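Engineer: Generate coordinates for the sequence data below:
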Amino acid sequence: MVKELGERGLRQDFIHLMEELKGSRNHIAHEMLADDALMRRLAGTGAHRIAWKSLRRGLYLVEQAIVVHDFLFGGE
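Structural biologist: Residues are numbered from 1 along each chain as shown. Prediction:
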């Protein structure tokens, strides 16, 4: 989707933000789940604090993308 939007001429700064968001999404959806299972096995219940750090970054990027999108494209 991000590639298609870039080819259609969407602003490059927004495309860059979406690429960064895609990277966080992929990390959260794949690596973080595997890491969380391993950390819980090794560190017990205290491991959730480590996992939340990556998740917070991804959520921040989602919020940032929404705010920038609304600013650039007049989201209502």
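
Engineer: What does the pLDDT read for M18?
Structural biologist: pLDDT recorded at M18 is 85.

Engineer: ok, it - how many residues close by?
Structural biologist: 21 (other Cβ atoms under 10 Å). Heads up, the C-betas are built off the backbone N, CA and C, glycines and all.

Engineer: List the contacts of the closest residue in space to it that isn't next to it in sequence.
Structural biologist: The spatial neighbour of M18 that comes closest, neighbours along the chain excluded (Cβ to Cβ, 6 or more residues apart in numbering), is V2 at 4.7 Å. Contacts for V2 (Cβ atoms under 8 Å, 6 or more residues apart in numbering) come out as I15, M18, E19, K22.

Engineer: out of the residues you listed, which is most surrounded?
Structural biologist: Counting by other Cβ under 10 Å, top hit in the contacts of V2: M18 with 21 neighbours.

Engineer: Can you give me the neighbour number for G58?
Structural biologist: 19.

Engineer: Name all residues that make contact with it.
Structural biologist: Contact analysis of G58 by Cβ under 8 Å, 6+ apart lists L21, S24, R25, H27, I28.

Engineer: picking that back up, among the contacts of V2, which one sits closest to A65?
Structural biologist: M18 (6.5 Å; Cβ to Cβ).

Engineer: So which of the contacts of V2 are in helices?
Structural biologist: I15, M18, E19, K22 (DSSP state H).

Engineer: where does the protein dip in pLDDT?
Structural biologist: Applying pLDDT under 70 to the chain flags the ranges 46-51, 54, 75-76.

Engineer: Against V67, how distant is D13?
Structural biologist: In this view, D13 and V67 are 13 Å apart by Cβ to Cβ, to the nearest Å.

Engineer: do G58 as well
Structural biologist: Taken as Cβ to Cβ, the span from G58 to V67 is 15 Å.

Engineer: E20: how many residues sit nearby?
Structural biologist: Residue neighbour count, defined by other Cβ under 10 Å, stands at 16 for E20.

Engineer: again, but for A43
Structural biologist: Under the neighbour criterion other Cβ under 10 Å, A43 is assigned a count of 12.

Engineer: Would you convert the contacts of G58 into JSON lines that also reports distance to R8?
Structural biologist: JSON lines is the format used below for those (distance: Cβ to Cβ, whole Å):
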{"residue": "L21", "distance to R8": "18"}
{"residue": "S24", "distance to R8": "23"}
{"residue": "R25", "distance to R8": "21"}
{"residue": "H27", "distance to R8": "26"}
{"residue": "I28", "distance to R8": "26"}
